[in-house]
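Student: give the three-dimensional model of this entry:
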Amino acid sequence: MKLAFGAGGTDWQERIDFARMRKERLAKGQSMMKKYGIPAALLTRADNIRYMTGIRSAGEFAPQLRYALIFVEHEPIMYELGDCLEHTRIHCTWIKPENWRYSVCSLGGCCGAEATRDSATQWAEGIFKDLKAKGLHREKLGIDSIDEASRQALAKLGIDVVGVMPAMREARRVKTREEILCMRMGVAIGEVGYANICEHLRPGRRECDVGGLAMHAMLQVGAEFSKAGVRSGPNTFEVYHIGNQDRVIQFGDLSYVNLCSTTYMGYRICVYRSFIAGRRPNQKEKEWYSKLHDRLYGVIDEIKPGATTADAAKHFLPASHWGYEADERLLVSEVGHGIGMTYDEPIISRIWSFDHPQVFEPGMVIAVEGREGEPGYGGVRFEEMVVVTETGHEVITTWPSEEIMPVGLLMG
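Tutor: Numbers count the residues shown, from 1 in each chain. Just a heads-up that it's a prediction; the model follows:
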């Protein structure tokens, strides 16, 4: 079902309840930590921090700029980048005033080896102090990603670390109502991008100009981050995510545009659509697209509660179909993947799904993508986003995908 509202706020219509979303995400994460026997977790990844605290990164130009301590039975403690601390705690009032700290960071070790060790010691001592205040300094501490100096500094203080990502992945794989609404909003914003593409993608335009205009259009209507990767001509087959270069789009070029990583409230969309510049597709191009469409919807039709990724993956073609030696050659071009703040569970792939199937659950959001074409000539590609419902699935991407879309027609 399409959204009945826009990205702004109102007093007369219930839209996305961000406070509820923050509370539900934290509760899910705490529940999974408890399940995995992790009473406290130290999060440094921007996506995990946002998921558990609602605090948006100001830009991760170095590792461990900010981090958060999450507890199963206590409120989060946030260690914010010192330059942002005063600003962030004014606006993020759901973090208790006494639970704000400034972060300690070596800027990825750029301060030098000895200074990095000193910084890591100071960093670890601050964490130890907060753990001890909760009586958790001798319990397992979950971590998602820390550098070696930090790991050694924690070990010197007797802190036993374990990976927290299995718990975080399990928490994040099923989305709440509000999370799904955010992703639907991202899809709606993406339609602004594709409408702009239809206006500007035509013979004689550069890829980078077309992509830049679409990115600007999506930012104007509420995207937190926008991406419109334009690829054209021979670069539309066996080339992944190389686009928006200064190549001039020529008459008759196949083109495809991905909006992958366009973001609304931290939630990404992952969508591809195919276009053709200046003319209508010929029979060969139509057959490629028809074959691709049938294949991907074969995958999508298997997505329902209780079914597995093995049921869906059988519809993808083996790598040998294209003359490749292994399915790893198609890692991110013939795949279904969970999507949220980053890639999430499950993954639909011939690489893993037959031997290690994952079960579809209501609330999962999955992107399914593939491609067809010919080296040197070009190809077609598209991707749909799918929500697993209680009884089946719903395709939430609504921009047309039934055929290659002609744009900038010069010949009928």
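Student: residue 62: which element?
Tutor: Using DSSP states H and E, residue 62 is not contained in any helix or strand.
Student: that one and residue 109 touch, don't they?
Tutor: No. Under the criterion of C-beta atoms under 8 Å, residue 62 makes no contact with residue 109, lying 9.1 Å away. The C-beta positions use only the backbone N, C-alpha and C, and glycine is treated the same way.
Student: which stretches in the stretch 101-250 of the chain count as strands?
Tutor: Here the stretch 101-250 of the chain has its strands, by DSSP state E, counting those that start in this stretch, at 141-143, 161-163, 229-232.
Student: deepest-packed of these, please.
Tutor: Among these, the stretch with the highest mean neighbour count (mean count of other C-beta atoms under 10 Å) is strand 229-232, at a mean of 26.
Student: note down every partner strand of that one and its orientation.
Tutor: Within its sheet, and counting by DSSP bridges, strand 229-232 is paired with strand 254-258 (antiparallel).
Student: so what does the helix or strand of the chain with the lowest mean pLDDT touch, helix or strand wise?
Tutor: The least trusted helix or strand in the chain, going by mean pLDDT, DSSP states H and E, turns out to be helix 82-91, with a mean of 93. Using 3 or more C-beta pairs under 8 Å, 6 or more residues apart in numbering; DSSP states H and E, the elements in contact with helix 82-91 are strand 77-80, strand 100-102.
Student: what helices and strands are in contact with the helix or strand hosting residue 70?
Tutor: Following DSSP H and E, one finds residue 70 within strand 67-71. Here strand 67-71 is seen to pack against helix 18-35, strand 40-43, helix 46-53, strand 77-80, helix 113-133 when contacts are counted using 3+ C-beta pairs under 8 Å, 6+ apart.
Student: nearest to residue 194, out of the helices and strands packed on helix 82-91?
Tutor: Residue 194 lies closest to strand 77-80 among the helices and strands packed on helix 82-91, at 37.0 Å (C-beta to C-beta).
Student: excluding sequence neighbours, find me the nearest residue to residue 107.
Tutor: Leaving aside its sequence neighbours, residue 107 sits nearest to residue 62 (C-beta to C-beta, 6 or more residues apart in numbering; 4.6 Å).
Student: residue 228 now?
Tutor: Once flanking residues are discounted, residue 228 sits nearest to residue 214: 3.7 Å by C-beta to C-beta, 6+ apart.
Student: so the one you found touches residue 190, yeah?
Tutor: No. Between residue 214 and residue 190 no contact is recorded; they are 9.5 Å apart, counting by C-beta under 8 Å.
Student: just to revisit the earlier point, for the residue nearest to residue 107, give me the pLDDT.
Tutor: Note for residue 62: predicted pLDDT of 78.
Student: ok, it to residue 103 distance?
Tutor: In this view, residue 62 and residue 103 are 11 Å apart by C-beta to C-beta, to the nearest Å.
Student: pick out whichever of these two has more residues nearby.
Tutor: Between residue 62 and residue 103, counting by other C-beta atoms under 10 Å, residue 103 is the more crowded of the two (20 against 13).
Student: spit out the contact partners of the more buried one.
Tutor: 64-67, 79-82 (C-beta atoms under 8 Å, 6 or more residues apart in numbering).
Student: of these - the most surrounded one?
Tutor: residue 67 (29 neighbours).
Student: count the neighbours of residue 309 for me.
Tutor: Residues near residue 309, counting by other C-beta under 10 Å, number 25.
Student: circling back to that earlier point, got the angle for the strand holding residue 70 vs helix 113-133?
Tutor: Per axes from the mean of the first three to the mean of the last three C-alpha atoms, to 10 degrees, the angle that strand 67-71 makes with helix 113-133 is 20 degrees.
Student: between strand 67-71 and helix 18-35, how big is the angle?
Tutor: 70 degrees.
Student: in this protein, which residue is closest to the centre?
Tutor: With distances taken as C-alpha atoms, centre = their mean, residue 342 lies nearest the centre of the chain, 2.7 Å away.
Student: separation between the closest residue to that one other than its chain neighbours and residue 139?
Tutor: The shortest distance from residue 342 to any non-neighbouring residue, by C-beta to C-beta, 6+ apart, is to residue 47 (5.1 Å). From residue 47 across to residue 139, the span is 25 Å (C-beta to C-beta).
Student: what's the pLDDT at the residue lying closest to residue 325 once chain neighbours are set aside?
Tutor: Nearest residue to residue 325, sequence neighbours excluded (C-beta to C-beta, 6+ apart): residue 319, at 6.9 Å. pLDDT recorded at residue 319 is 94.
Student: residue 47 and residue 139: which is more packed in?
Tutor: Remark: of residue 47 and residue 139, residue 47 carries more neighbours, 19 against 14, as counted by other C-beta under 10 Å.
Student: got the contact list for the more buried one?
Tutor: 266, 341-342.
Student: just send those residues back as TSV, with distance to residue 116 too.
Tutor: What follows is the contacts of residue 47, written out as TSV (distance: C-beta to C-beta, whole Å):
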residue	distance to residue 116
266	30
341	29
342	27
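Student: deepest in the core, which of the helices and strands packed on helix 82-91 is it.
Tutor: Stretch with highest mean neighbour count among those: strand 77-80 (a mean of 25; mean count of other C-beta under 10 Å).
Student: now do that strand: everything it contacts.
Tutor: 53, 55, 66-69, 88-89, 92, 95, 99-104, 126, 130.
Student: pairing partners for it, with directions?
Tutor: In its sheet, and by DSSP bridges, strand 77-80 pairs with strand 67-71 (antiparallel), strand 100-102 (parallel).
Student: how far is the shortest one from where the chain is centred?
Tutor: Read it as strand 100-102. The gap between where strand 100-102 is centred and where its chain is centred comes out at 28 Å by C-alpha atoms, centre = their mean, to the nearest Å.
Student: same check on the first one?
Tutor: Per C-alpha atoms, centre = their mean, the displacement of strand 67-71 from the mean C-alpha position of its chain is 22 Å.
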